[in-house]
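Engineer: sequence and predicted structure below; questions after.
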Amino acid sequence: MAAHTTDSRKIMITGLANSGKTQIFNNLTGDYNVVANYPMTTLEQAAGSFTFRGMLWQLLDTPGVNTLQAESSEALVFRRSFIREQPDIILQCIDANRLRQSLRLTAELLELGLPMVLSLNVIDETAKRGVRIDPDMLSRLLGLPVVETVASEGLGMYDLKEAFLHAEISRSPFLYSGEVKDVVDALEAHIPLSLPYRHKIAVLSLMDDPQLLLSPAGKAPEIYGLTADQVADLQQHRRELLASYKGDIRMRMSRQMAQWTDKTYDRVVTKTP
């Protein structure tokens, strides 16, 4: 967790595009926000804050993403941002109408090993279509606070603020298994212990993150906190591991994550005629 003063916490907001996250950001922070472009992109970032229970809560809104592991500018921006900002809490805004897709993103966020809160938005709309989502079951499965919200009407904002006070690292994170886990663990072992998010950096490397595949020569002096020499060392170990691995590791990693997503979805969703 990032080192901030005892009376201040930093929250990074993420979610699928059009999931209600910007509306929730505005509901929580009001009209006094700072908007700027992410370096070398046309994507905007918004920063704001609010006070609650005698604490200052800093919020950072990020571009909507479907996955953290894509090569889109939105995904690259998020990956750089969480390394740079080192938030205390991740708030994932989930569009209940796209729950399965959102849960795939949840699995990726859990790999960060950060305290999280889930905002389950427009759950009333799914109920009208005969799809019932059990937020209590989702909370128990993930070991995370899950708050029902209707962002467009400002409903659930107080409960979100309360949830931030109790945000914690998931007790049931997504974990790879079998040979895939062995490869991830082996690569993680070559990432300096001083760096945060070592597990996620190992996963991103195996998923062909372009920041970790391109030659660091002439690039920024640090990539995700790694020096140019450390990136080169990580690349070498990655090549050695994949040379001895039989099969497509990216495909197997994606398949295991999809299986986790489907299993979680099936346990929290019931459909009525």
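Structural biologist: It's in. Only a predicted model underlies this, so the values are computations on that prediction, with no experimental measurement involved. Numbers count the residues shown, from 1 in each chain.
Engineer: got the residue ranges for the strands in the stretch 1-150 of the chain?
Structural biologist: 8-15, 34-37, 44-52, 55-61, 89-95, 116-121, 131-133, 146-149 (DSSP state E, counting those that start in this stretch).
Engineer: and those strands as CSV, adding mean neighbour count, mean pLDDT and distance to Tyr265?
Structural biologist: Quick note: C-beta positions are derived from backbone N, CA and C, even for glycine. Below are the strands of the stretch 1-150 of the chain laid out as CSV (neighbours: other Cβ atoms under 10 Å; pLDDT from 0 to 100; distance: least, Cβ to Cβ, whole Å):
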stretch, mean neighbour count, mean pLDDT, distance to Tyr265
strand 8-15, 22, 94, 17
strand 34-37, 10, 47, 35
strand 44-52, 16, 85, 30
strand 55-61, 20, 93, 26
strand 89-95, 25, 95, 12
strand 116-121, 26, 95, 13
strand 131-133, 16, 90, 9
strand 146-149, 22, 94, 14
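Engineer: low-confidence stretches in the stretch 101-250 of the chain?
Structural biologist: For the stretch 101-250 of the chain, residues meeting the criterion pLDDT under 70 lie at 213-222.
Engineer: so Tyr224 sits against Ile201, correct?
Structural biologist: Yes. Assessed by Cβ atoms under 8 Å, Tyr224 is found in contact with Ile201 at 5.5 Å.
Engineer: how much space separates Lys21 from Asp185?
Structural biologist: Going from Lys21 to Asp185 by Cβ to Cβ, to the nearest Å gives 33 Å.
Engineer: neighbour count winner among these two?
Structural biologist: Taking other Cβ atoms under 10 Å, Lys21 and Asp185 do not tie; Lys21 has more neighbours (25 against 12).
Engineer: quick check: longest helix of the protein.
Structural biologist: Ranked by residue count under DSSP state H, the longest helix found in the chain is helix 249-268.
Engineer: tell me the buried residues in that helix?
Structural biologist: Within helix 249-268, the residues scored as buried using 16 or more other Cβ atoms under 10 Å are Ile249, Arg252, Met253, Gln256, Met257, Trp260, Thr261, Thr264, Tyr265, Val268.
Engineer: turn these into JSON lines, including distance to Tyr197.
Structural biologist: Output for the buried residues of helix 249-268, formatted as JSON lines (distance: Cβ to Cβ, whole Å):
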{"residue": "Ile249", "distance to Tyr197": "20"}
{"residue": "Arg252", "distance to Tyr197": "22"}
{"residue": "Met253", "distance to Tyr197": "17"}
{"residue": "Gln256", "distance to Tyr197": "20"}
{"residue": "Met257", "distance to Tyr197": "17"}
{"residue": "Trp260", "distance to Tyr197": "20"}
{"residue": "Thr261", "distance to Tyr197": "21"}
{"residue": "Thr264", "distance to Tyr197": "23"}
{"residue": "Tyr265", "distance to Tyr197": "26"}
{"residue": "Val268", "distance to Tyr197": "27"}
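Engineer: overlap in contacts of Tyr224 and Ile201?
Structural biologist: Common contacts of Tyr224 and Ile201 (Cβ atoms under 8 Å, 6 or more residues apart in numbering): Leu195, Leu212.
Engineer: what residues are up against the residue nearest the centre of the chain?
Structural biologist: The chain has Leu109 as the residue nearest its centroid, 2.9 Å off, counting by Cα atoms, centre = their mean. For Leu109, the contacting residues are Thr14, Leu68, Ile90, Gln92, Met116, by Cβ under 8 Å, 6+ apart.
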